[in-house]
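1. Sequence plus the predicted model coming up.
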Amino acid sequence: MNQRTVYIIVFVFTLVSFLTICGFAHQWKKILSIENIEVENEYMVNENEILKLAGIKVGDGFYDVSLDSVRNRLLVQKYIKEVIITRKMNGVVHIDVRERRPIANLNLGKTWYIDSEGVLLSKIQSNVILDLPVISGYGTNMLAPNSSGLAFVAGDKVPSADVTIALSILTSSLDVDEDLYYLISEINLNHGRDIFIYTSDYGIPINIGREQYNKKLQLLSTFWRQFVIPKGAGNLESVDVRFNDQVVVRWKPEEVKKSLETMI
């Protein structure tokens, strides 16, 4: 047997082996099914709803599922901002969602949730209980239809510079001190004048003006922890942080404080 014949035999054997392996691999991919579906980082949208939207279930063909199609179906839900879907070992499909998280309430003819980017979100059934601050004082023009001439729908972005400022204040409060965010019950944009924050306890008005919000929030957080918490917010009448490195405070008259102490 000459060398050329040996090469031909080896080539044919290699080709047959390769085709056989491909055939087995193809058959294996056909019979492999989804054994488990993992959902990660869900928040407002619960796992059952995500699985329903995804349109896949245990027992479906592991490689018959189009991951792009699953992703597109999930993105129909406006709370879902981004989703990454991967196939893992042992027949596992992994769904990792990134949701838009409501940060405030906004009334545009009806009450919407709104996220930090100004995207409107409908209220949905969820395991998460939300107690969100209200944004007010943005002007009656915001009650008009959006720029397309249609009524606002979920997923629309609110075209208001003032509302953007309010959202910036709320996100900054979370960065400065999470407790400060939960202290805020309302942000009143005051129709272009000085912005007021109202506290969740006792509705105390806090004037934060119209600039340097992050610096003012840091000052307010320090003041609240050092002075208000020890004395009690019920003894406070108003706060003004418009001035550089200065907090102007009005405490309630002594007789009012005494009556409050008696009631307590």
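-> Cool, the structure landed. Keep in mind the model is a prediction, meaning the values are calculated, not measured. Numbering: from 1, shown residues only.
2. residue ranges of the strands in the stretch 51-200 of the chain, please?
-> 80-88, 92-99, 102-107, 111-115, 120-121, 134-136, 184-188, 195-199 (DSSP state E, counting those that start in this stretch).
3. if we compare the ones you listed, which one ends up closest to Thr171?
-> The closest of these to Thr171 is strand 102-107. By CB to CB, the value is 6.9 Å. Where C-beta positions appear, they are placed from N, C-alpha and C, glycine not excepted.
4. So in that sheet, which strands flank the closest one, and in what orientation?
-> Next to strand 102-107 in the sheet, as set by DSSP bridges, lie strand 111-115 (antiparallel), strand 134-136 (parallel).
5. ok, now how distant is the spatially closest residue to Leu183 that is not a sequence neighbour from Leu220?
-> Distances taken as CB to CB, 6 or more residues apart in numbering put Thr199 closest to Leu183, at 5.4 Å, once the chain neighbours are dropped. According to CB to CB, to the nearest Å, Thr199 stands 10 Å off from Leu220.
6. Between these two, which has more neighbouring residues?
-> Shown here are Thr199 and Leu220; by other CB atoms under 10 Å, Leu220 has more neighbours (22 against 18).
7. The more buried one is in contact with Val247, isn't it?
-> Yes: at 7.2 Å, Leu220 counts as touching Val247 under the criterion of CB atoms under 8 Å.
8. anything in contact with each of those two?
-> 239, 241 (CB atoms under 8 Å, 6 or more residues apart in numbering).
9. who touches both of Thr199 and Leu220?
-> Ile206.
10. low pLDDT regions in the chain?
-> 1-31, 139-150, 254-264 (pLDDT under 70).
11. check contacts around the most centrally placed residue in it.
-> In the chain, the residue lying closest to the centroid (CA atoms, centre = their mean) is Arg101, at 1.8 Å. By CB under 8 Å, 6+ apart, the contact set of Arg101 is 43-44, 115-116.
12. again with Val239
-> 204-207, 220, 223, 247-250.
13. Any of those residues buried? List them.
-> Among these, those classed as buried by 16 or more other CB atoms under 10 Å are 204-207, 220, 223, 247.
14. Report the two of the residues you listed separated the most.
-> Farthest pair in these (CB to CB) is Pro205 and Phe223. Separation: 14.7 Å.
15. Walk me through the domains of the protein.
-> Residue ranges for each domain of the chain read 31-99, 102-263, as given by automatic domain parsing.
16. quick check, distance from the shortest one to the centre of its chain.
-> Right, domain 31-99. With CA atoms, centre = their mean, to the nearest Å as the basis, domain 31-99 stands 19 Å off its chain's centre.
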